[in-house]
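Q: the amino acid sequence is not available; the structure is as follows:
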């Protein structure tokens, strides 16, 4: 048996990591500014993280949600405080797509409505409900297509108001920053007006912070830059630093009942220990502030660069839209400078590094960029 060939992969196998550095099987060193797609939030093999997981797995690796698990309570309290959502409830699952599935379900149960409003360019996951609110026909199979979902252009308040005024919509789902679309930001003004329209029409606002959460943008959640609160917030990726986890922060007005949601592996002991350790490092090392400051430095160094059409992003969630003549720059960064980056198509290079990326790592990237684009 061989693998189902759905991934485009570089012919590189990382076998060891430390902080923002990776080494492959041949001993070649790389600077990691991709973070496994925004997952490695506190760097590879952080000592506190390794110790927390090692201690937990030596005691108990797993038991189901049929019993008490005090690690879940610890995680809920810590996450509520650091995220500034202390009065919300927490449901733990296994992935970002699963978090969005459960948020959509909760919104429909709570409102008694069946429709969802989503935005052009959106990416919310690859499972049934999540892909239905994802604006990508290449991954939305006929099975996923539904008249229950309407897409409108991001930022088009008039189109949003036209739909929501029907009061048919259970929820609006929006990314704090659109990642797959190429680091596209909804404006603060649009988010404030969207929040007001949701309040007016009884529609729940779901903030998808799966890629943009955990302090990546210089606030714990990207939507907090606009000074708004969502009714439901979804998380995954960087929350447990590589151990699979998903989370839904659920507003106090939304009621729970036994059997409403469920999961076998969600909130397991290892995932909770990992997430607690990640949050502890983020807080102790002041990584949200570091992401804001280093992101501002990147913007100062690169905004207006001759190779760029546009610099987009906040904090350490950065999109660099390059001019057509620089297509292939991402491959050159990897092959010639040994720097991992992300991408959105051929024209947007994404930087999603660990939140504790050292300043010398950022400087190394900028020097490599300027050398390859001169």
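A: Everything's here; your move. What you are looking at is a predicted structure, and each value in this text was computed from that prediction instead of being measured. Numbering: from 1, shown residues only.
Q: what are the ranges of the strands in the stretch 1-150 of the chain?
A: Per DSSP state E, counting those that start in this stretch, the stretch 1-150 of the chain carries strands over the ranges 14-18, 21-24, 29-32, 89-93, 115-119, 149-152.
Q: between those, which gets nearest to residue 304?
A: Proximity to residue 304 (CB to CB) singles out strand 29-32 among the strands of the stretch 1-150 of the chain, at 23.6 Å. In short, each C-beta sits where N, CA and C put it, glycine included.
Q: report all helices and strands that that closest one contacts.
A: The helices and strands touching strand 29-32, judged by 3 or more CB pairs under 8 Å, 6 or more residues apart in numbering; DSSP states H and E, are strand 21-24, strand 339-340, helix 359-373.
Q: quick one, which of those is packed in tightest?
A: Highest mean neighbour count of those: strand 339-340, a mean of 22 (counted as mean count of other CB atoms under 10 Å).
Q: just checking, next helix/strand downstream of it?
A: Later in the chain than strand 339-340, the nearest helix or strand by DSSP states H and E is strand 342-344.
Q: circling back to that earlier point, with distance to residue 70 added, can I get the helices and strands packed on strand 29-32 in JSON lines?
A: Below are the helices and strands packed on strand 29-32 laid out as JSON lines (distance: least, CB to CB, whole Å):
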{"stretch": "strand 21-24", "distance to residue 70": "35"}
{"stretch": "strand 339-340", "distance to residue 70": "37"}
{"stretch": "helix 359-373", "distance to residue 70": "37"}
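Q: out of those, nearest to residue 140?
A: Residue 140 lies closest, by CB to CB, to one member of these: strand 339-340, at 29.0 Å.
Q: pull up the pairing partners for the closest one, direction included.
A: According to DSSP bridges, strand 339-340 forms sheet pairs with strand 29-32 (parallel).
Q: could I get the helices and strands packed on strand 29-32 as TSV with mean pLDDT and distance to residue 127?
A: Shown next, in TSV, are the helices and strands packed on strand 29-32 (pLDDT from 0 to 100; distance: least, CB to CB, whole Å):
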stretch	mean pLDDT	distance to residue 127
strand 21-24	98	30
strand 339-340	98	27
helix 359-373	98	34
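Q: select, out of the ones you listed, the one closest to residue 3.
A: Nearest of those (CB to CB): strand 21-24, 19.4 Å.
Q: no further questions, thank you.
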